[in-house]
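> Below: sequence and its predicted model.
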Amino acid sequence: MSNIIVALRKILDESNEKILLPYSDGEIAPHVCSFKSPATDEEINLLETTTGFKLPDDYRNFLETCNGCSLFDHHLYGGEAELYSTQEVIERYHSRPDVKNLLQVAWIYQDILVIDFDKVAAGVKEFMFVKQSGSFYRPGRNLFCNFETYS
């Protein structure tokens with residue numbers, strides 16, 4: 001994961017902090033990615049202590065590289081791809097007190113990405129699921145990947 005973040009930051013540095021993306025109608029529009037500073041050991045420990053979960057190595061590596069980010073924001077319309085900081089993950093964990101095995105880690109185009117810690121605890125390497133924001137309590141769709149493979 002950290003290699004991907006480093007590569008994306010390099011592309012942004014070389015292109016005035018913008019990435020040009022094409023649309024199906026032929027328009028090419030600039031998009032921005034923004035990365036927060038790396039999470040401190042204290043922030044990661046607080047997340048683990050608050051939730052009671054030992055974070056998977058690939059997710060911990062992401063947080064140590066950047067403590068959340070916003071990806072491909074359109075210069076006029078904003079964006080819908082946000083990977084949460086440790087504090088945002090903790091806030092979302094507290095917002096769903098009846099769901100204790102899932103950690104919301106991102107908001108991608110009106111869907112919620114979660115880590116299923118029942119899978120992590122069982123040693124299953126494919127622990128990422130997507131849940132529709134309007135039906136969080138329904139079973140999610142298995143993405144058949146870990147955090148690094150997804151991102």
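Yes, it's here.

> alpha carbons only for contacts and neighbour counts from here, please
Will do.

> count of neighbours near the nearest residue to residue 54 once chain neighbours are set aside?
Nearest residue to residue 54 in three dimensions, chain neighbours excluded: residue 48, at 5.7 Å (CA to CA, 6 or more residues apart in numbering). Residues lying near residue 48 (other CA atoms under 10 Å) number 15.

> what's the helix or strand containing residue 48 packed up against?
In the assignment (DSSP states H and E), residue 48 maps to helix 41-51. Judged by 3 or more CA pairs under 8 Å, 6 or more residues apart in numbering; DSSP states H and E, helix 41-51 is in contact with helix 86-95.

> now the helix it packs on and helix 41-51, what's the angle there?
10 degrees (axes from the mean of the first three to the mean of the last three CA atoms, to 10 degrees).

> centre of the chain versus helix 86-95, how much separation?
13 Å (CA atoms, centre = their mean, to the nearest Å).

> got the angle between the helix or strand following that helix and helix 41-51?
Heading C-terminal from helix 86-95, the first helix or strand you meet, by DSSP H and E, is strand 102-108. Here strand 102-108 runs at 120 degrees with respect to helix 41-51, directions being taken by the same axes, to 10 degrees.

> in the very next helix or strand once past strand 102-108, what's buried?
Of the helices and strands lying after strand 102-108 in sequence (DSSP H and E), the nearest is strand 111-116. Using 16 or more other CA atoms under 10 Å as the test for burial, strand 111-116 gives 111, 112, 113, 114, 115, 116.

> Tabulate those residues (TSV), appending distance to residue 42 and pLDDT.
Output for these, formatted as TSV (distance: CA to CA, whole Å; pLDDT from 0 to 100):
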residue	distance to residue 42	pLDDT
111	29	91
112	26	93
113	24	94
114	22	95
115	21	96
116	23	95
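
> which residues are in contact with stretch 111-127?
Identification of contacts with stretch 111-127 by CA atoms under 8 Å, 6 or more residues apart in numbering yields 53, 56, 101-107, 128-133, 142-147.

> Nice, that's everything, thank you.
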